[in-house]
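Colleague: Sequence below, structure please.
(one chain, ligands or ions: 1)
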Amino acid sequence: MPSKINLQILETADEVAVEAAKVIAEMVSKKPNTVIGLATGSTPERTYEELAKIHKTEGLSFAGVTSFNLDEYWGLSGDHDQSYRYFMNQHLFNNIDIRPWNTNVLNGSAVNPNLECQAFETKILASGGIDIWLLGIGINGHIAFNEPGSPIDTRTRLVSLSQSTIEANSDGRSFSDPAEVPRSALSAGIGTIREARKLILLAIGEKKAEAIAAAVEGPFSAACPSSLLQDHPDCTFILDRGAASNL
Ligand code: PGA
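Modeller: Presented below is the predicted three-dimensional model:
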């Protein structure tokens, strides 16, 4: 099947952040009640900085926006400094005027993970579905915590992290030791993500080049979860030269 993924290849990581922020800002300015999907990790940090800058200097309001995050470590509460709720508060939510009650990050310390995941899916539906979902990609091709082998129709659920992800997430920037990284997470499924009306996936640096080539040019296969975006009607990968170097 020919891939429908649109490619935008820019020179630098900075340009990737500026472009991604521009796409999101344009959508929010056209549709103030945009339902936006968000990601964590090192890749979107600069994009969130840009969005906060646009909010501050251009007055773009996020007061009508509802957000849903891709995933959360299982076992960490939102006030743990390595939780994704904490990350989002620090990097974005505290720096714009989004209403805290309109930000949805899965609760990693919920009593019942299945109910937590079902409630997340129900809330996405009740909000009218995701208009735009910002994504990253793992070096093993994962999207959110959908590791290689995750089927195309998966929904939000409790998943196990692969060894490659545990190592990538203990590189010193977050957890300093693989032993500290939680072994499982709550994650939106590939089916959940594919239902977003628009997807933008960001990748920066040569370490992502192999995963990007597999996602864009490899077979449409659960072996590389991000390749399961190839038939999405509106999916753009925004890449720097390094991430695009195997294409
Ligand atoms: P990163 O993580 O942005 O920190 O590289 C991306 C991912 O694992 O999806």
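
Colleague: Quick check: the residue of the protein nearest the ligand.
Modeller: The ligand sits closest to residue 41 of the chain, with a gap of 2.8 Å, by Cβ to the nearest ligand atom. Backbone N, C-alpha and C define where each C-beta goes, glycine included.

Colleague: Kindly state the pLDDT recorded for that residue?
Modeller: Reported pLDDT at residue 41 in the predicted model: 94.

Colleague: and the longest helix along the chain with the ligand, contact?
Modeller: If you go by DSSP state H, the chain has its longest helix at helix 13-30. No - using Cβ under 6 Å from any ligand atom, helix 13-30 never reaches the ligand; the gap is at least 10.9 Å.

Colleague: Now do the buried residues in that helix.
Modeller: Using 16 or more other Cβ atoms under 10 Å as the test for burial, helix 13-30 gives 13, 16, 17, 18, 19, 20, 21, 23, 24, 25, 27, 28.

Colleague: just stretch 89-106 next, same as before
Modeller: 89, 91, 92, 93, 95, 96, 98, 102, 103, 104, 105, 106.

Colleague: you'd agree the first one is in a strand?
Modeller: No - following the definition DSSP: H, G, I helix; E, B strand; the rest coil, residue 89 is helix and is not counted among the residues of a strand.

Colleague: Give me the helices and strands touching whichever strand or helix holds residue 72, please.
Modeller: Remark: residue 72 resides in strand 71-73, with elements defined by DSSP states H and E. Packed against strand 71-73, as judged by 3 or more Cβ pairs under 8 Å, 6 or more residues apart in numbering; DSSP states H and E, are the following elements: helix 84-91, strand 184-187.

Colleague: still on that earlier bit, in helices, which of the buried residues of stretch 89-106 fall?
Modeller: 89, 91.

Colleague: Adding pLDDT and distance to the ligand, write the buried residues of stretch 89-106 out as JSON lines.
Modeller: Shown next, in JSON lines, are these (pLDDT from 0 to 100; distance: Cβ to the nearest ligand atom, whole Å):
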{"residue": "89", "pLDDT": "98", "distance to the ligand": "18"}
{"residue": "91", "pLDDT": "98", "distance to the ligand": "12"}
{"residue": "92", "pLDDT": "98", "distance to the ligand": "14"}
{"residue": "93", "pLDDT": "98", "distance to the ligand": "18"}
{"residue": "95", "pLDDT": "98", "distance to the ligand": "19"}
{"residue": "96", "pLDDT": "98", "distance to the ligand": "20"}
{"residue": "98", "pLDDT": "98", "distance to the ligand": "21"}
{"residue": "102", "pLDDT": "98", "distance to the ligand": "24"}
{"residue": "103", "pLDDT": "98", "distance to the ligand": "19"}
{"residue": "104", "pLDDT": "98", "distance to the ligand": "19"}
{"residue": "105", "pLDDT": "98", "distance to the ligand": "15"}
{"residue": "106", "pLDDT": "98", "distance to the ligand": "15"}
